[in-house]
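*Asks:* Got a predicted structure plus its sequence, pasted below:
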Amino acid sequence: MLDIAVIEDPAAAEASLDPIRSAMLRELAQPASATQLAIRVGLPRQKVNYHLKALERHGLVELVEERRKGNVTERVLQASAASYLISPSALASVSPDPRRFADRFSAFWMLALAGRMVQEVGKLIAGAAAARQKLATFAIDGEVTFRSAAERAAFAEELGVAVSHLVDKYHDAGAATRGRRHRLVVALHPALKTSDQTTTRKEQDND
């Protein structure tokens, strides 16, 4: 089972978004037969079998083992991944293209970059899994609080300069045939407000 699987096929994406099937995928984090799953989700086994066949057809669940019980063979299935992401390629005709924006201050460009990352890294994970190789990636996730919009702008400017210096230092333009090209994306956006923060802000406004 993969930690995360990226869904690229539109039909598979549609199958995963069905409420009943998404609930079944969640339950199949642990292997189960159709009979066991029917009890977990509260549906008739015949209906569960119908949905399982669709999920298996799209590679969203996989056979773990077959158990012989008298004259019946019981199939035990498991979700192919613990979590799923739908790639923009599932909506290829309307997926965002980063080349259309190319504005580092555009939230839409950030979304387009994020979409491309999901699509590309998903394919890389699938390729690495097929080749039984480890995929070399690196990511940083953190939060920073700015006292003002001016400080946020200054931070963004310094960050851009620092990243440019690192790229100039390590990029080898002549290594195209012998080196491996990597994609670098740096993003900065406001953090979503939690309910506690929203309540505190309202209390401050009322003081």
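*Replies:* Sure, I can see it.
*Asks:* And the host helix or strand of Val6, how far out from the chain middle?
*Replies:* Counting by DSSP states H and E, the element that carries Val6 is strand 2-7. Here strand 2-7 is found 7 Å from its chain centre; the criterion is CA atoms, centre = their mean, to the nearest Å.
*Asks:* can you give me the mean pLDDT across that strand?
*Replies:* Mean per-residue pLDDT for strand 2-7: 87.
*Asks:* Distance from the helix or strand just after it to the middle of the chain?
*Replies:* Next in sequence after strand 2-7, counting helices and strands by DSSP H and E, comes helix 10-17. The chain centroid and the centroid of helix 10-17 are separated by 15 Å, computed with CA atoms, centre = their mean.
*Asks:* Buried by neighbour count: which residues of helix 10-17 qualify?
*Replies:* Burial within helix 10-17, assessed by neighbour count using 16 or more other CB atoms under 10 Å, is assigned to Ala12, Ala13, Ala15, Ser16. C-beta: built from backbone N, CA, C; applies to glycine.
*Asks:* Can you verify my assumption that the first one contacts His58?
*Replies:* Right, the one you point to is Ala12. Yes. Contact criterion CB atoms under 8 Å: Ala12 and His58 qualify, at 3.8 Å.
*Asks:* per-residue confidence at Asp205?
*Replies:* 56.
*Asks:* ugh, wrong one, I meant Ser33
*Replies:* For Ser33, pLDDT reads 92.
*Asks:* Check Glu158 too.
*Replies:* pLDDT, read off for Glu158, is 95.
*Asks:* How about the one 10 residues further on?
*Replies:* As predicted, Asp168 sits at a pLDDT of 92.
*Asks:* Likewise for Ala162?
*Replies:* Confidence score, pLDDT, at Ala162: 96.
*Asks:* In which helix or strand does it reside?
*Replies:* Under the criterion of DSSP H and E, Ala162 resides in helix 149-170.
*Asks:* what's that helix packed up against?
*Replies:* Helices and strands touching helix 149-170, by 3 or more CB pairs under 8 Å, 6 or more residues apart in numbering; DSSP states H and E: there are none.
*Asks:* Setting the sequence-adjacent residues aside, check what's closest to the most centrally placed residue in the chain.
*Replies:* Geometric centre of the chain, nearest residue: Leu85, 3.8 Å, by CA atoms, centre = their mean. Residue nearest to Leu85 in three dimensions, not counting chain neighbours: Val6, with 5.0 Å by CB to CB, 6 or more residues apart in numbering.
*Asks:* wait, isn't the one you found in contact with Ile125?
*Replies:* Yes. Between Val6 and Ile125 there is a contact at 6.8 Å, judged by CB under 8 Å.
*Asks:* Between these two, tell me which one has more neighbours.
*Replies:* Val6 (22 against 17; other CB atoms under 10 Å).
*Asks:* Show me the contact partners of stretch 62-82.
*Replies:* Outside of stretch 62-82, the residues within contact range by CB atoms under 8 Å, 6 or more residues apart in numbering are 1-5, 25-26, 28-35, 37, 52, 56, 59-61.
*Asks:* can we see that at 7 Å?
*Replies:* 1-5, 25, 28-29, 31-33, 52, 56, 59-61 (CB atoms under 7 Å, 6 or more residues apart in numbering).
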